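> Pasting the sequence and the predicted model now:
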Amino acid sequence: MRSLSFPNNLNQDIMKKYWIFFITLFAGSLAAQQADLNGTIASSIDAADMEGVEVELRDAQDNTVDMFTTGANGQYVFTGLQPGEYRLYLKKSGSPLEYISTFDAVLVARHVLGVAQFSSPVSYLGADVNHSGTITTYDIALMRRLILGIDTDFPDGAAKGSWRFIPQGWIPQNPNNPLPELAGNYFPVQLNAGANTFNWTGIKIGNVN
Ligand SMILES: [Ca+2]
């Protein structure tokens, strides 16, 4: 008795379709498990997209995973990541004196003296020009030295850049002293499978108005 079998060429055709189906399914499930990270970085001064921001992505053990420098559209993107915890380091170099005038120094002095306290985290971050986590007369002195041309940069300016960053729309828990909440030099980000968007605001150091 003859056993039931497909003609040989038909059999191969079915097997081929079968494998294509499962390879596609497998690749699809791999892609679904991957995470992408993207976002836009805009200036607190005029909301303009920020070009030349160096975005460094590190894993939870602080090993560099990837780097991206923003173009004219202020956007950064990382793709094909495993979901999980990461760290974002943001840095932008530039002219230290840009956007700084004697009026900024006056406003910092008023804040230090308690005459007119800052109300925005943008001003707090901008005024702490030496990254000490506090705003003191020393920050004012450093601003004046820069304006007068005695110094050409703020302390650690080359390593830390001329800008600082906060998550867009960030509201501090303590509006009267937000600096301790921004003490870290990186932002922890939790990436889920699929697209993850984190947007940032850039703050020019020394500019408080
Ligand atoms: Ca300071």
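Alright, I've got the coordinates.
> Give me the pLDDT value at the residue in the chain positioned nearest to the ion.
Residue nearest to the ion within the chain: Ser132 (3.7 Å; C-beta to the ion). Yep, even glycine has a C-beta here, placed from its N, CA and C like the rest. We have a pLDDT of 94 for Ser132.
> Tell me who's in contact with it.
Contact partners of Ser132, counting by C-beta atoms under 8 Å, 6 or more residues apart in numbering, are 138-139.
> ok so it is a strand residue?
No - assignment of Ser132 by DSSP: H, G, I helix; E, B strand; the rest coil gives coil, placing it outside any strand.
> which residues sit in contact with Asp153?
Per C-beta under 8 Å, 6+ apart, neighbours of Asp153: 96, 146.
> Please name the bridge partners of the most centrally placed residue in the chain.
In the chain, the centroid-proximal residue (C-alpha atoms, centre = their mean) is Leu90; its distance is 4.7 Å. Leu90 forms beta bridges with Val55, as assigned by DSSP bridges.
> from what I can see it touches Glu54, true?
Yes - between Leu90 and Glu54 there is a contact at 7.3 Å, judged by C-beta atoms under 8 Å.
> picking that back up, now do the residue nearest to the centre of the chain against Val53, distance only.
6 Å (C-beta to C-beta, to the nearest Å).
> intersection of neighbour lists for those two?
41, 165, 200, 202.
> Let me have those residues in CSV, adding pLDDT as columns.
Formatted as CSV, the shared contacts of Leu90 and Val53 follow (pLDDT from 0 to 100):
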residue, pLDDT
Ile41, 98
Phe165, 97
Trp200, 98
Gly202, 98
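> element containing Leu142, please.
helix 137-147 (DSSP states H and E).
> one step back: against Ser101, how distant is the residue nearest to the centre of the chain?
25 Å.
> what ranges do the strands span in the chain?
For the chain, the strands defined by DSSP state E occupy 35-43, 54-59, 64-69, 75-81, 84-91, 163-167, 187-191, 194-197, 200-204.
> Could you find the closest non-adjacent residue to Tyr86?
Val189 (5.1 Å; C-beta to C-beta, 6 or more residues apart in numbering).
> For the one you found, give me its contacts.
By C-beta under 8 Å, 6+ apart, the neighbours of Val189 are 37, 85-88, 196, 198.
> rerun at 7 Å
Residues in contact with Val189 (C-beta atoms under 7 Å, 6 or more residues apart in numbering) are 86, 88, 198.
> Among those residues, which one has the most neighbours?
Tyr86 (23 neighbours; other C-beta atoms under 10 Å).
> ok, that one touching Asp62?
No - under the criterion of C-beta atoms under 7 Å, Tyr86 makes no contact with Asp62, lying 10.2 Å away.
> What is the burial count for Phe154?
There are 23 residues near Phe154, going by other C-beta under 10 Å.
> With adjacent residues omitted, what lies nearest to it?
Val129 (4.8 Å).
> Verify the stated contact: that neighbour with Arg144.
No - counting by C-beta under 7 Å, Val129 sits too far from Arg144 to count as a contact (10.7 Å).
> Looking at those two, which one has more neighbours?
Ranked by neighbour count (other C-beta under 10 Å), Val129 and Arg144 place Val129 first, with 27 against 15.
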